[in-house]
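[1] Got a sequence here, can you model it:
(3 chains)
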Amino acid sequence: MGRYIVRRLAQAALMLFLLSIVLFLLLYLIPGGPQAVLFNPRLGKAARDALAAKYGLNQPLPLQYVSYMQHLFHGDLDSFNTGRPVQVEIGSRLPYTMQLFALSLTCAVVIALLLGVVSAIRQYSLTDYMATIGAYFGIAMPIFFIALVLQYVFGVLLRPFFTTVLGTGWPVFGVSSPEADTYPFIWFAWDRLLHLILPAIALSLIFIASWSRYLRSSMLDTVKQDFIRTARAKGLSSRTVFFRHALGNALIPFITVVAIDIAGFAGGAVVTETVFGLPGIGKLFYDSLGARDYPILLTLLLFAATVVVLVNLLADLLYGVLDPRITYS
Amino acid sequence: MPRLLEVKDLQTQFRTREGPVQAVNGVSFDVEEGEAVGIVGESGSGKSVTALSILRLLPTPPSQIVDGAVFFQDQDLVGLSEAEMRDIRGGQISMIFQDPISSLNPVMRIQDQIVEPLQLHLGLSRAEALARARSLLEAVGIPDAERRMRGYPHQFSGGMRQRVMIAIAISTNPKLLIADEPTTALDVTIQAQILELLARLRRDLNTSLILITHDLGVVAGVTDRILVMYAGHIAERAPTEELFDNPRHPYTLGLLGAVPRLAAERGSELVTIPGSPPDLLHPPQGCPFQPRCPFRIDKCATYPPDRKVGPAHFSACWVDVTDPKEQQRAERNGFIPIRPVGGTSIGE
Amino acid sequence: MDATQFEGPHVTPSPAAPLIEPTPELARKRRGQLRIITDRFLRNRIAVAGFVILVIMGVLALLAPVIEPVRGQFDPATTPNFAIALQGPSWAHPLGTDHVGRDELARWLYGARVSLQVGLLAMLASIFIGVTVGALAGFYGGWLDNILMRTVDALLAVPLYLILFLLSATFFAQGTTLEIVLLIASFSWLYTARIVRSEFLALKEREFLLAARTLGAGDLRLILRHIIPNAIGPIVVSATLLVGNNIITESTLSFFGFGLQPPASSWGVLLSDSENYFTQQPLLVWAPGLAILVTVLAFNLMGDGLRDALDPQMTER
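    Numbers count the residues shown, from 1 in each chain, chains lettered A, B, ... in the order given. Sure thing, here's the model as predicted:
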């Protein structure tokens, strides 16, 4: 097992290394790359050379890559835009994204589990039909459109309702109320949570839809297996058959599906944060695109890829722990 | 001997998109206490559906017991509630399935799968159940049971897994054991061991047995009586030796002819029954075997009654297949006669 | 194999079993696999509904240049008329007008053209890439398989919208239809490649391939004539689902300004334009938004219907 982990980590590192080279070349070679941004034609040659030298853009590409990586790991790779190290920029935005992720992912997994199991147990029931229809709709909408509709419904249509009941409108933009810093902590936290709810719905809806469908069909497949008939022939109650025998088997592939979708989740976070004005790393990415802040962009891409790769590695390991048929060798 | 199980005019249907399929069509038989009964037939004859109907293990829908009764110790199982049925399953009647590879939960330890019925039906504590599980595994011939019961199914061979299945089935000392093709998925060398184990355990525990198979060779040494099923009906039923010595239904004759080893031994060509089992969606009028039957006569358009042809020997056929004239007629229809052989010689 | 393992009622003899006289059912089977699949698909009313919706959408999109002159709304994308900006629905403008006074219905119809076009063209491109990569990896295996599939893994590790936004902001900055198609296709072939590869791996071991090889068929012929036709089911299903996904991707890119650039109009561009006018003229958002929803839904329903029709065992769920 130890050796397996080491091997997988080495593979992941190699893959990320190659990916970093590809992404670096992609960013720095293509027209409209850093040079175009920095080499503003209105600058004099001396000024341009100075800028190029400052960011190492006058060196050959391989050296630029090496120096990029060196700076990145030394923590002094600076944003074009703010001049602060990328780690600082990303680090200051990361908590917002982590909060959004934590809330959305938890909601998505829990609700998808519930819906999937209920739809499978009560196949062809009203709940099952509603979940099926809901899932089809959830998968067919772009995240940004869900976000817009949520903002419209909560911010416009339901506004009279919220102002009567809550005394204030439901927050549909930003991360906190303007004067939230002066609130006592519990209210501050509550205010933040309130701001996160709509983004979390927008981000998790599509994943709830597809994961619950997956779990449903995986449960229904499992229920047809012979060992389920064995369990029933023992006289076990259908509850025990379902939860001990069927769910145990159906959950294992579910983990892999969730892990695979983590990349999609990260992409969705960019969309959600931008539409809802949450200052997380998704929004940072979006803003850096406008500013052509290449160090930030490249670092964020690599960061996201690293997280995705690690999550998938983790899921593989978990799979091995849960499924005794998998052996690491 | 007192009667343990009485199946009366059992009819089980499957609803399909194309219409209802009558998988079991009026099957009646008894099993006495301590008796072993074989149900033999080709795949699709309804023998497994009969077994699953007894335990009501078929998913409803699409399948449904539309008529008939299954009396177990004078209690009609068809009318029981699901909760009452659960007490019967695994406690009073146990079942062993065909494919031991897929019949055990792949992500659950062997011991946990054996312990389940023990805790459920015998009310044992987990420690007691584990102890019993170990002795059960030893009883079915699993070496090093203490260690191996903590393993998972994939670490066992097919034969070993079937032994585990048998251990689970006998764990609660059931009155009746139903074994559905228990050896079909196994290597030939393992088959005999498993059959021998089943026969021995059955004798030791005085459990009744219903052994379902497509292979007459399997039932020969194990069962007291045999039912031959065809297309949802019982074609012939007789004590085992009597059936082998004196088969009276054309279909049974075909089956006996199709036992490959015997045919090869005699140097004659391998006999198979021409044609295929009927499409149960559109069953033929009258006797379902008549399209394939060399003894076919006009009367076969109406379903034949259960004729008593000997002591405890019944055959659902209009024709007396022992009549030389009928045999000559059948030979002209392509029937290859076989010399009836003793049941005991087949079991070896 | 039947997962239930019941030795079920004998409805239709399997063609593989010997001693079988051809029943009418079997004869029908031999007559035309396509007929059967079509029959099964047509019996699935929801999938047919999806198909009908798509036909209607397609007709509307194709006829946009015909409908618009009749309605008197020429060149809808480029003729602003601020005097009538943000009007509600009327006979002249059934969907109202946008923030610069263009007829929304005209933009919607032309938007349908572009959205469907991008979705379909990007699908064709990604199916081409996906099938090629999947076929090479699955057929040859070994180091080629390893390299190709690790590449797929690596690309899947990069969040889709991040890389698309980035490439769109830099490399594909013109925002022409062709650029967007290439951009979307360059990342949407990954799952198709995986599916095709696994189909190839499964089919490679089958006897008919050995037979074809023995008869002297070359690799290319084996792949094109023997394997792909047998793997066509999953390919068709994944193609159908891809179109819907591509439409969503295009709309997202365009919404954030990384997709088609004005004056082109797609449903995503319409949403991007009218995002700020949701309160004033909700129809400006609903019309393109629901169009995306309905179209993608229709593609997904049709894709699922095709899957069921091609793989009858799945329908029993």
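[2] what's the helix or strand for the most centrally placed residue in chain C?
    Nearest to the mean C-alpha position of chain C, by CA atoms, centre = their mean, lies C:V243 at 2.0 Å. Under DSSP states H and E, the secondary-structure element containing C:V243 is helix C:232-255.
[3] After that helix, which helix or strand is next?
    Following helix C:232-255 in sequence order, the next helix or strand is helix C:267-274 (DSSP H and E).
[4] Contacts for that next one, please.
    For helix C:267-274, contacts defined as CB atoms under 8 Å, 6 or more residues apart in numbering or on different chains pick out A:142, A:144-145, A:148, C:98-99, C:104, C:107-108, C:111-112, C:114-115, C:247, C:250-257, C:259-260, C:262, C:281, C:284-285, C:287-289, C:291-292. Every residue, glycine included, has its C-beta placed from N, CA and C.
[5] where's the closest residue to A:I21 other than its chain neighbours relative to chain B, distance?
    Leaving aside its sequence neighbours, A:I21 sits nearest to A:Y65 (CB to CB, 6 or more residues apart in numbering or on different chains; 6.6 Å). From A:Y65 across to chain B, the span is 46 Å (CB to the nearest CB, to the nearest Å).
[6] now A:Y65: how far from A:L19?
    13 Å (CB to CB, to the nearest Å).
[7] So for those two, which residue has more residues nearby?
    Neighbours were counted for A:Y65 and for A:L19 using other CB atoms under 10 Å in any protein chain shown; A:L19 has more, 21 against 16.
[8] wait, what's in contact with A:A231?
    With contacts defined as CB under 8 Å, 6+ apart, A:A231 is in contact with A:240-241, A:244-245, B:105, B:116.
[9] Dump the strand or helix carrying C:L167 to CSV, keeping only the CA atoms.
    Secondary-structure element containing C:L167, defined by DSSP H and E: helix C:160-170. This file holds the C-alpha atoms of helix C:160-170, laid out as CSV (Å, rounded to 0.1, in the frame of the first residue of the first chain):
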residue,chain,number,x,y,z
LEU,C,160,-12.8,23.1,-18.2
TYR,C,161,-14.0,26.7,-17.8
LEU,C,162,-10.7,27.8,-16.5
ILE,C,163,-8.7,26.7,-19.5
LEU,C,164,-11.5,27.7,-22.0
PHE,C,165,-11.7,31.2,-20.6
LEU,C,166,-8.0,31.5,-20.7
LEU,C,167,-7.6,30.2,-24.3
SER,C,168,-10.5,32.3,-25.4
ALA,C,169,-9.0,35.4,-23.9
THR,C,170,-5.7,34.9,-25.5
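[10] Show me how far that helix is from its chain's centre.
    Its chain's C-alpha centre and that of helix C:160-170 lie 21 Å apart, by CA atoms, centre = their mean, to the nearest Å.
[11] rewinding a little: and the residue nearest to the centre of chain C, what does it touch?
    Under the criterion of CB under 8 Å, 6+ apart, the neighbours of C:V243 are C:119-120, C:123, C:299.
[12] Kindly reformat those residues as TSV and extend each row with pLDDT and neighbour count.
    Below are these laid out as TSV (pLDDT from 0 to 100; neighbours: other CB atoms under 10 Å in any protein chain shown):
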residue	pLDDT	neighbour count
C:G119	95	25
C:L120	96	17
C:M123	96	28
C:F299	95	28
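[13] ok, back up a step: report the separation between the residue nearest to A:I21 and A:A50.
    On the measure of CB to CB, A:Y65 and A:A50 end up 22 Å apart.
[14] for the chain, what helix or strand is lowest in average pLDDT?
    No chain in the question, so chain A it is. Lowest by mean pLDDT, DSSP states H and E among the helices and strands of chain A is helix A:34-38, with a mean of 61.
[15] Actually, chain C is the one I wanted.
    Ranked by mean pLDDT, DSSP H and E, the helix or strand of chain C with the weakest confidence is helix C:312-315, at a mean of 47.
[16] Alright, I will stop here.
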